[in-house]
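S.K.: here is a sequence with its predicted model. Questions after.
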Amino acid sequence: MLRFFKKIAPWWLLVVGVLVATGVVWQAARLTYDVALESIVKTGEERLTLYSGTLREALSRYAYLPYVLARNGAVQELLDSDASSEQVNLYLEGLNREAGSDALYVMDATGNTVAASNWRQPVSYIGQNYGYRPYFIDAKAGREGRFFAIGATTGQPGFFMSYPVHRSGRFLGVVVAKVDLDPLQDDWHQGGEIVMVSDANGVLFLSSRKDWKYTTLTPLSAKQRAHINAGRQYSDQTLKLFPLQTVKTIDSNRSIVRDGKIRYLLLSRQLVGQGWKLFHVAPLAPVRERAEAVALIGTASALLILALGMYARERRQKQLSRHKAREAEAIKAVNLRLQEEVEEHCRTEHALRNTQAELVQNSKLAALGQMAAGIVHELNQPIAAIRTHSASGRLLLDRHEEEKARESFSSVTRITDHMASITAQLKTFAYKTPRHCEPVLVQDCLTAALGMTETLLAEVGVVVEIQQPAEPVMISGDRNRLEQVLVNLVRNGVDAMRETERRLLNLSISIDRELVEIVLSDSGSGIEEENLSELFNPFFTTKEVGKGLGLGLSISYRIITDFGGTIRAMNNHGAGASFVVRLPTLLIQTTGATETAGVKR
Ligand code: ADP
C-alpha cells in the first residue's frame, strides 16, 4: 500500500496528507466525544432532578404518620397507663396497611416497643428495645427523627421517621414509621439506571447496582465508624470502599470514574435535609464508541479521499506524460521532416553548385573562345598585312626601288603599332595598373576624345550636342585613361546608331554637389534588358566576330572604379542608351596666390 502511494506521490505530500487527515479526524473525534459527553451530562442532570423528586415525594408521603400517631389518644393512653396494647396494635396494623408504609410502632420512654403493626408476625418489634437508635434519641430530645438503617429485628433496610409522644409536658415515648425504599431502588434498577444515595457519612445505602450498596465513597474515620456502630445503622455490613476510582474531576458534582477498564460519568446532587447525596452513574462506553465510530469513519473517509486524490494525480500525470510523449513524437516527426528537407536542400544546392560550376566553366570556355576568336581576328589581318608588306618591301629592295620599299616598311611599322595598342588593352586585365593621379580638366578630355573620333563621327553622320559648365570641372585621375573611357563610350554610341535614322549623340558634364556627372546619350538601338547586367563583363559583346572584342566597357569600368567613381548603363525613355559616369570632384581651394588641389570622396 505504502509502495503504491510512494509510486504516485512525493513522500512529503503523503506525509502532509496523512498529518492533515490525522489532525482532522482527531479533532472530529474529540468534538464528537465532547458533544456526546455534554449530552450524557444533560441527561444525567435531568435524571437527578427526576429521582430527587421521586425520593422526596416517597419520603414526604409518610412524614405525617408519626405526627398523627403521637397525637393519637389511644397511643398516649397506652404509654401513660398499663392499658392493653391490643387496640393500638390493631389500629397500627390497619393504618400501616392503608398508608402503605413498611411498619408503624410505638416505643415507651426507655425505647421498648410496646405496640407494632407487625404484632401478628413471627418477627415482631414488640418487646424489642430500640433506645440506641438515633431516631429514638432525636425524638426523645424533642426533635423529629429521620434515619435510614437496616432493621435490627427484621434485617430489612428502611427509612425510619420518629416523633415524640408528650402528654401534659411529660415525655411518654416515641412513635415510628418505617418506610421501605427498596421499591424505589428496584424501579431505578429496572429502568436500567445506576442511581445511588449516600448518607452524611458517605455510605451508599441505596443503590440500583447491588454490589455497590453499603460501600463508602470516602474511607470512614474511627469516629464515624463508632457512631454508625452505636446506632447499629448498617447491622453487620462491612462497609467497604466504593470500588470506582476517580479519573478526572470536572467539578464538585461531576467526575469521571472507572471500574477497571470501564469508565463512568458520576453526577451528584445534594438533597435537602439529612445530608444525603443522590448519584447518577452513566457508562461512558457509548460516548467513547461514538467518538471511535467517528474516528473510524473519518479515517476511512480520509484514506478514501487520499487514495482518490493520489489516483487522480496519477491519472493526471499519466495523461501529462502521454501528452508529452505525443508532443515529443510530433517534434521528432517534424525534426525528421526538417532533416529530410535540409538533406533535400543540400542535394539541390549541390546539384545547383555543380550546374553553376559547369556553367561557369562553360561560360569561361565560351569567353575564352570568344576572346581567342576576337584576338585571332584582330591580329590575323595585321599579321597578313605585315607579311605582304615585308615581302613586297624585299621585292622592291631587290628591284632597287628604295623609296617604295621604305613606304612598305613604314606600313609594317604602323601595323605593328596597331597590334601593340591591342595587346596594351589586354594588359589592363593582366595586372593592376599603378595608380597615377593628377588633376584632370574634364572638359579638355571630352574635347580630346571627340577629336580622336572625329573621322568616325563624320563617316557615320552623327550630330553631337554638348552641355558643359563654363567653369572648369576638375577630377583627380589620369587624363589619357579618362580619354580612353570617353572614346570607348563615343565609339559604342556611334556603333549603336549605324542602323538608325536619327543619329544624335548628346554629351553633358554637370556638377552635383561633390560629384562630376558625365552623361553620353545616343539615339541608337538601345540595350537588350537581359544584357544590362552583363555589359561590363570582359569579352561580352553583341557585335559580330572581328567587329568587337567585348573589352571596351570592362576596361572603362576598371578605370572609373580606379578613380573612385561609378559607371552605369540604362536605356533612354524614347530610344537609345545612356552611360552615366560619376567621379569625385576635385575642389580647387584658392589661398592667396597659390592653388592647391584635394580630392573629397
Ligand atoms: P565591344 O564594343 O567590342 O562589343 P564593349 O565592351 O565596348 O565591347 O561593348 C560591349 C557591348 O555593349 C556591345 O557589344 C554592345 O552590345 C553593348 N553596347 C555598348 N554601348 C552601347 C550603346 N551605346 N548602345 C547599345 N549597345 C551598346
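M.R.: That came through fine. Residues are numbered from 1 along each chain as shown.
S.K.: show me what from the chain comes close to the ligand.
M.R.: Applying C-beta under 6 Å from any ligand atom, one finds that the chain approaches the ligand through 488, 492-493, 496, 522, 524-527, 535, 540-543, 548-554, 577. Where you see a C-beta, it was placed from the backbone N, CA and C, and this is true even at glycine.
S.K.: these in strands, which ones?
M.R.: Using DSSP state E, the members of those that fall in strands are 522, 577.
S.K.: show me which of the residues of the chain next to the ligand are buried.
M.R.: Buried members of these, scored by 16 or more other C-beta atoms under 10 Å, are 488, 492-493, 496, 522, 524-527, 535, 540-541, 548-554, 577.
S.K.: show me where the stretch 401-550 of the chain has its strands.
M.R.: Ranges of strands in the stretch 401-550 of the chain, per DSSP state E, counting those that start in this stretch, are 438-441, 463-467, 474-477, 504-512, 515-522.
S.K.: count of neighbours near Pro219?
M.R.: For Pro219, the count of nearby residues is 11 (other C-beta atoms under 10 Å).
S.K.: what residues does the closest residue to it other than its chain neighbours make contact with?
M.R.: Leaving aside its sequence neighbours, Pro219 sits nearest to Leu241 (C-beta to C-beta, 6 or more residues apart in numbering; 6.1 Å). Contacts for Leu241 (C-beta atoms under 8 Å, 6 or more residues apart in numbering) come out as 215-216, 219.
S.K.: how about Leu37?
M.R.: With contact set as C-beta under 8 Å, 6+ apart, Leu37 has these partners: 265, 284, 287.
S.K.: now do Gln185
M.R.: Counting by C-beta under 8 Å, 6+ apart, Gln185 makes contact with 195, 206-208.
S.K.: if we use 6 Å, what do you get?
M.R.: If a contact means C-beta atoms under 6 Å, 6 or more residues apart in numbering, then Gln185 has 206, 208 as its contacts.
S.K.: from the ligand, how far out is it?
M.R.: Separation of Gln185 from the ligand (C-beta to the nearest ligand atom, to the nearest Å): 143 Å.
S.K.: model confidence at that residue, what's the number?
M.R.: Gln185 is assigned a predicted lDDT (pLDDT) of 87.
S.K.: same thing with Lys6?
M.R.: We have a pLDDT of 53 for Lys6.
S.K.: can you start the count at 3 instead of 1 from here on
M.R.: Sure, I'll start numbering at 3, so the last one becomes Lys8.
S.K.: which residues of this protein score low on pLDDT?
M.R.: Along the chain, the model assigns pLDDT under 70 to residues 3-12, 365-366, 368-369, 372-373, 375-376, 379-380, 427-437, 547-548, 590-603.
S.K.: can you tell me how far the residue lying closest to Glu536 once chain neighbours are set aside sits from Arg493?
M.R.: In space, and not counting its chain neighbours, Glu536 is closest to Phe542: 4.9 Å by C-beta to C-beta, 6+ apart. Counting by C-beta to C-beta, to the nearest Å, the gap from Phe542 to Arg493 is 16 Å.
S.K.: what helices or strands is the longest helix along the chain leaning on?
M.R.: Criterion DSSP state H: the longest helix present in the chain is helix 287-400. Applying 3 or more C-beta pairs under 6 Å, 6 or more residues apart in numbering; DSSP states H and E, we find helix 287-400 packed against helix 4-10, helix 13-62, helix 404-432.
S.K.: could you report the neighbour count for Leu33?
M.R.: Neighbour count of Leu33, defined by other C-beta under 10 Å: 12.
S.K.: one step back: from the contacts of Leu39, which is closest to the ligand?
M.R.: Val289 (117.2 Å; C-beta to the nearest ligand atom).
S.K.: ok, the closest one touching Ala38?
M.R.: Yes. At 4.1 Å, Val289 and Ala38 qualify as touching, with contact defined as C-beta atoms under 6 Å.
S.K.: out of everything not next to it in sequence, what's closest to Gln239?
M.R.: Spatially, and ignoring its direct neighbours in sequence, Gln239 is nearest to Tyr216 (4.2 Å; C-beta to C-beta, 6+ apart).
S.K.: isn't the one you found up against Ser237?
M.R.: No. With contact defined as C-beta under 6 Å, Tyr216 does not count as touching Ser237 (9.3 Å).
S.K.: neighbour count for these two, which is higher?
M.R.: Using other C-beta under 10 Å, the more surrounded residue of Tyr216 and Ser237 is Tyr216, with 19 against 12.
S.K.: pull the contacting residues for that one.
M.R.: Residues in contact with Tyr216 (C-beta under 6 Å, 6+ apart) are 236, 239, 241.
S.K.: CSV for these, including neighbour count and secondary structure?
M.R.: CSV is the format used below for these (neighbours: other C-beta atoms under 10 Å; DSSP: H, G, I helix; E, B strand; the rest coil):
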residue, neighbour count, secondary structure
Tyr236, 19, coil
Gln239, 15, coil
Leu241, 18, coil
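S.K.: which residues are contacting stretch 165-184?
M.R.: Residues outside stretch 165-184 that contact it (C-beta under 6 Å, 6+ apart) are 64, 67-69, 71-72, 78, 81-82, 103-111, 138, 141, 144, 146, 160-164, 208.
S.K.: kindly recompute the last result at 7 Å.
M.R.: Where contact means C-beta atoms under 7 Å, 6 or more residues apart in numbering, the residues beyond stretch 165-184 that reach it are 60-61, 64, 67-69, 71-72, 77-78, 81-82, 103-111, 137-138, 141-142, 144, 146, 158, 160-164, 208.
S.K.: inside helices: which ones of these?
M.R.: Short answer: the contacts of stretch 165-184 in helices (DSSP H) are 60-61, 67-69, 71-72, 77-78, 81-82, 137-138, 141-142.
S.K.: wait, which of the residues you listed is closest to the ligand?
M.R.: Distance to the ligand across these (C-beta to the nearest ligand atom) is lowest for Ala60, with 146.1 Å.
S.K.: from Asp419, how far off is the closest one?
M.R.: Ala60 sits 167 Å away from Asp419, going by C-beta to C-beta.
S.K.: where does the residue nearest to Ile511 when sequence neighbours are not counted fall, phi/psi-wise?
M.R.: The spatially closest residue to Ile511, leaving aside those adjacent along the chain, is Gln470, at 4.1 Å (C-beta to C-beta, 6+ apart). Per-residue torsions, Gln470: phi -150, psi 150 (degrees, to the nearest 10).
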